[in-house]
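>>> From the sequence below, what's the structure:
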Amino acid sequence: MNEHSPVNFAPPDNVTGRNSDPNSSMPGSHDAGGLSPAVVESIAGLSAGSIATLVVHPLDIVKTRMQISTSAASAASHHLSMVAMLRSLSSNPRPFASLYRGLVPNLSGNALSWASFFFFKTRFEDLLTFARGSDRPTPSDYFVASALGGAATSFLSNPIWVVKTRMLASDKGAKGAYPSMWSGFRTIYATEGFRGLYRGLGVSMIGVSHGAVQFAVYEPAKRFYFARRQSQGIDTGRMTTEATVVISSAAKLIAGAVTYPYQVLRSRLQVFHADEKFGKGFRGVVRMTWREEGIRGFYRGLIPGVVRVMPSTWVTFLVYENVRYYLPRWTS
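All right, here's what the predicted structure looks like:
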């Protein structure tokens with residue numbers, strides 16, 4: 001392997017992707033291919049988020065529309081199933097346009113979110129391990145770094161999610177519907193101001209616990225997997241497809257079971273005329289949802305959410321793990 005850096009570093013750690021040299025825990029350290037771990041993680045996250053979004057976007061539309069439906073809605077819309085909603089979207093004269101309505105903000109938001117999340121997460125892990133004088137993160141470091149990375153990412157991407165939610169909740173051509181992402185930005189800023197672009201940010205900050213729980217499960221499980229493989233004399237440096245699917249699924253399901261209600265609350269805070277439909281502010285939405293729908297209201301869209309999230313998780317982590325493994329080798 002060619003050395004692009006004037007300093008020779010030890011080979012990458014199979015478990016974490018970091019170098020096994022104790023000094024490599026210092027922020028800004030580069031791997032043997034000349035790319036810092038944070039850059040590798042960002043590119044891997046960008047690739048993973050983009051491909052996964054393209055695959056599951058139609059299910060995202062269904063999930064969003066089910067999340068913003070209520071028991072006070074018409075019987076027809078209230079009982080519309082996931083399959084029936086997909087059939088309805090695909091049966092009009094322009095099925096592709098309907099199934100991929102809002103793709104630009106969804107793709108932009110997911111690409112930005114995954115790239116920035118892994119960038120910040122890796123940086124915070126480096127800072128935490130460096131502060132403790134250690135050479136690798138602990139499970140608590142993964143949790144804290146994921147939470148901080150998620151908070152930074154939520155702040156950067158929230159305006160995109162507001163536009164995305166409103167575009168997915170409305171058909172193109174409907175009254176008040178945004179024809180494009182940029183039109184949505186302009187309209188929100190003109191009618192609601194800067195504050196409108198950050199609707200739902202508070203509940204999104206609560207939602208960073210999802211990523212924190214997910215990676216607090218995923219990273220230690222991955223480390224255990226590699227440790228076991230090494231004890232068996234098998235050391236390829238990368239997870240198998242089966243292991244990636246199983247570990248990422250378990251981490252996602254555990255995190256989803258704990259944090260799903262915040263997604264419903266966020267969608268209801270960000271949709272058109274949210275104050276009139278669901279109550280004013282976070283507390284208002286919680287009270288109205290509980291009063292009118294009970295506990296079921298906080299789990300609306302769960303089935304399409306699970307159906308959507310598992311293929312998305314598999315695609316995301318398969319792309320992520322392969323890009324982060326091969327990218328330093330390609331660049332060297």
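>>> Give me the distance between Met66 and Gly297.
Remark: distance between Met66 and Gly297 (C-beta to C-beta, to the nearest Å) = 11 Å. For the C-beta atoms, the positions are set from N, CA and C on the backbone; glycine is no exception.
>>> brain fart, Trp290
Separation of Trp290 from Gly297 (C-beta to C-beta) stands at 7 Å.
>>> repeat for Leu318
34 Å.
>>> Between the two, which is the more surrounded one?
Taking other C-beta atoms under 10 Å, Leu318 and Gly297 do not tie; Gly297 has more neighbours (23 against 18).
>>> any weak-confidence spans in the chain?
The chain contains residues with pLDDT under 70 at 1-34, 69-82, 271-272, 274, 304-305, 307-308.
>>> Do you have the strands of it handy? List them.
With strands called from DSSP state E, the chain shows none.
>>> all helices of it, in order?
Using DSSP state H, the helices of the chain run over 37-67, 75-78, 82-90, 95-99, 103-132, 139-168, 181-197, 201-231, 241-270, 274-278, 281-293, 302-331.
>>> Give me the packing partners of the first one, helices and strands only.
Where contact means 3 or more C-beta pairs under 8 Å, 6 or more residues apart in numbering; DSSP states H and E, helix 37-67 is packed against helix 82-90, helix 95-99, helix 103-132, helix 139-168, helix 241-270, helix 302-331.
>>> Show me which positions of the third one end up buried.
Meaning helix 103-132. For helix 103-132, burial by neighbour count (16 or more other C-beta atoms under 10 Å) applies to 103-129.
>>> repeat for the fourth one
Buried positions in helix 139-168, judged by neighbour count with 16+ other C-beta under 10 Å: 141-154, 157-168.
>>> and what of the shortest one?
Within helix 95-99, the residues scored as buried using 16+ other C-beta under 10 Å are 98-99.
>>> So which residues make contact with that helix?
Outside helix 95-99, the residues that touch it by C-beta atoms under 8 Å, 6 or more residues apart in numbering are 57-58, 61, 86, 89-90, 92, 171-172.
>>> Swap in 7 Å and give it another go.
Contact with helix 95-99 is made by 58, 89-90, 92, 172, as judged by C-beta atoms under 7 Å, 6 or more residues apart in numbering.
>>> out of those, which are buried?
The neighbour-count criterion (16+ other C-beta under 10 Å) marks 58, 89 among these as buried.
>>> Mind picking the one among the contacts of helix 95-99 that's closest to Arg195?
If you rank the contacts of helix 95-99 by distance to Arg195 using C-beta to C-beta, Lys172 comes first, at 26.5 Å.
>>> right, and the closest one touches Tyr100 too?
No: the criterion here is C-beta atoms under 7 Å, and Lys172 misses it with Tyr100 at 10.5 Å.
>>> How about the contacts made by Val309?
Contact partners of Val309, counting by C-beta under 7 Å, 6+ apart, are 252, 256.
>>> And the one 10 residues further on, by the same measure?
By C-beta under 7 Å, 6+ apart, the contact list for Val319 reads 47-48, 51.
>>> quick revisit: in TSV, list the helices and strands packed on helix 37-67 along with distance to Gln230.
Listed next are the helices and strands packed on helix 37-67 as TSV, based on distance: least, C-beta to C-beta, whole Å:
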stretch	distance to Gln230
helix 82-90	43
helix 95-99	45
helix 103-132	21
helix 139-168	19
helix 241-270	14
helix 302-331	16
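>>> looking at those, which is closest to Phe224?
helix 241-270 (9.1 Å).
>>> What are the buried residues along the closest one?
Within helix 241-270, the residues scored as buried using 16+ other C-beta under 10 Å are 243-245, 247-248, 251-253, 255-256, 259-270.
>>> Check stretch 201-214 too.
201, 203-205, 207-214.
>>> Output those as CSV; include the columns distance to Met239.
Shown next, in CSV, are those (distance: C-beta to C-beta, whole Å):
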residue, distance to Met239
Leu201, 34
Val203, 33
Ser204, 30
Met205, 31
Gly207, 27
Val208, 25
Ser209, 25
His210, 22
Gly211, 20
Ala212, 22
Val213, 20
Gln214, 16
